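1. What shape does this take:
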Amino acid sequence: MMAAPSAYASEDRASADACSAGVAQDTTVAAIAAQREDWLGKCVEVEGLKLGDFIYADRDAAYRLPTDSLDAATNGGTLLLDNRKVIDTVVGDWQKIRVVARVRDCVEIGAKQQSATIDDLAMLAGGCHYNDTVGLWVAEISGLGKARPLRLLPGDARGLGNLAPLDAGSPWRARFAEVEKQLRVALQSADPERRQSLFLNQWMGKDQRDWTREQLSGKASPFAAIMAARGPVQSQIFGWKPNLDDSPADIAAKTRENQADAIICWSAEAKAAELWPVSSFDAGVNADRPYACVKVTYHIDGEGSRWQAAMEPDRWKLAEPSHS
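-> This next block holds a predicted model:
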């Protein structure tokens, strides 16, 4: 774990103490993300949507790719929240919040950490441990109520989101198409052991195995409509869009790797093409969705090829929009 000089940890606390609503400049998340150099070190007051350790200018900011894949703020609408004791006083998913905070640069914090001596270190907890981005060291936070946004549909995406159908020309397309067929046949099998065999593995703990079995059984299963379908079931194989800062050489190198991931989704809805997820965080299992998805990792090595399918819970829990 990274560490910081105790003097710098004290500096953080002093910055929060000196920043209050009485002296804060009113601005927006988007303004800070777009012009960070103008705001670094300043005490500000902003409103936005909180999920976890981030504040978003709006729903679209959660879907927008950053121009620097290591810096979330470069999508123009996302800032890191720090100072655990304060931000954790507002709990729950998707809260509208107002914060008073000092704008700080995680890269600068990292540089100060690197110059610290071994004898003068204190463990640094918080978002800058994991992110090289612009953050807010929060002095005050006010919860303004739940504000769960609607999931973004393909027709409204306007290029947002990190998923795209896996290109027909990809060397991985045929491999994942065969996996999709095997999974669909197993899901629609009357044998629950056959369904479970493609998802359970020896590395899972008991809780994870129990959770996986639960997702594959009963009327409340996210896969219930697929398992019970008497008519055609539509499917889509998604890959990840390239990072906006990937060069053509980066993209070519990733294509040549001996491992690839894809998200495979199924839907019994006639208008499935209008309903698919546009971002990987909407592909978690959720019985409210008009589709069900799994993540598949495919390996090729000297011993041949193998793949593993896995379900992931829907941690973002965006509201499902009307389909009418």
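
2. Which parts of this protein are strands?
-> Along the chain, counting by DSSP state E, strands occupy 3-4, 25-26, 43-51, 54-56, 78-82, 95-105, 122-123, 134-146, 163-165, 234-240, 259-267, 292-301, 304-310.

3. What is the least confident helix or strand in the protein?
-> Every helix and strand of the chain was ranked by mean pLDDT, DSSP states H and E. The lowest is strand 122-123, at a mean of 38.

4. Tabulate the strands of the chain (a markdown table), appending mean neighbour count and distance to Val278.
-> For the C-beta atoms, the positions are set from N, CA and C on the backbone; glycine is no exception. Listed next are the strands of the chain as a markdown table, based on neighbours: other Cβ atoms under 10 Å; distance: least, Cβ to Cβ, whole Å:
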| stretch | mean neighbour count | distance to Val278 |
| --- | --- | --- |
| strand 3-4 | 20 | 38 |
| strand 25-26 | 10 | 33 |
| strand 43-51 | 21 | 17 |
| strand 54-56 | 25 | 16 |
| strand 78-82 | 26 | 17 |
| strand 95-105 | 22 | 23 |
| strand 122-123 | 12 | 38 |
| strand 134-146 | 19 | 23 |
| strand 163-165 | 16 | 6 |
| strand 234-240 | 19 | 9 |
| strand 259-267 | 20 | 11 |
| strand 292-301 | 19 | 12 |
| strand 304-310 | 13 | 21 |
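
5. can I get those strands in JSON lines with distance to Leu70?
-> Shown next, in JSON lines, are the strands of the chain (distance: least, Cβ to Cβ, whole Å):
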{"stretch": "strand 3-4", "distance to Leu70": "19"}
{"stretch": "strand 25-26", "distance to Leu70": "27"}
{"stretch": "strand 43-51", "distance to Leu70": "20"}
{"stretch": "strand 54-56", "distance to Leu70": "15"}
{"stretch": "strand 78-82", "distance to Leu70": "12"}
{"stretch": "strand 95-105", "distance to Leu70": "13"}
{"stretch": "strand 122-123", "distance to Leu70": "22"}
{"stretch": "strand 134-146", "distance to Leu70": "12"}
{"stretch": "strand 163-165", "distance to Leu70": "20"}
{"stretch": "strand 234-240", "distance to Leu70": "16"}
{"stretch": "strand 259-267", "distance to Leu70": "19"}
{"stretch": "strand 292-301", "distance to Leu70": "22"}
{"stretch": "strand 304-310", "distance to Leu70": "25"}
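
6. Quick one: closest of those to Ala220.
-> Of all the strands of the chain, strand 292-301 sits nearest to Ala220, with 12.2 Å by Cβ to Cβ.

7. Could you measure from the spatially most central residue of the chain over to Gln215?
-> Centroid-nearest residue in the chain: Phe281, 5.0 Å away (criterion: Cα atoms, centre = their mean). Note on Phe281: its distance to Gln215, by Cβ to Cβ, to the nearest Å, is 17 Å.

8. do the same with Val86
-> Distance from Val86 to Gln215, by Cβ to Cβ: 36 Å.

9. More neighbours: those two, which one.
-> Gln215 (21 against 18; other Cβ atoms under 10 Å).

10. what pLDDT does that one get?
-> Predicted confidence (pLDDT) for Gln215: 92.

11. Count residues in the vicinity of Val285, would you?
-> The number of residues packed around Val285, counting by other Cβ under 10 Å, is 20.

12. Also Lys85?
-> Around Lys85 there are 8 other residues, counting by other Cβ under 10 Å.

13. and Pro154, what is it in contact with?
-> Contact partners of Pro154, counting by Cβ atoms under 8 Å, 6 or more residues apart in numbering, are 273-276, 278.

14. Sorry, wrong one. I was asking about Ala287.
-> Ala287 neighbours (Cβ under 8 Å, 6+ apart): 220-222, 224.

15. Just the ones of the residues you listed in helices?
-> Mapping the contacts of Ala287 onto helices (DSSP state H) picks out Ala224.
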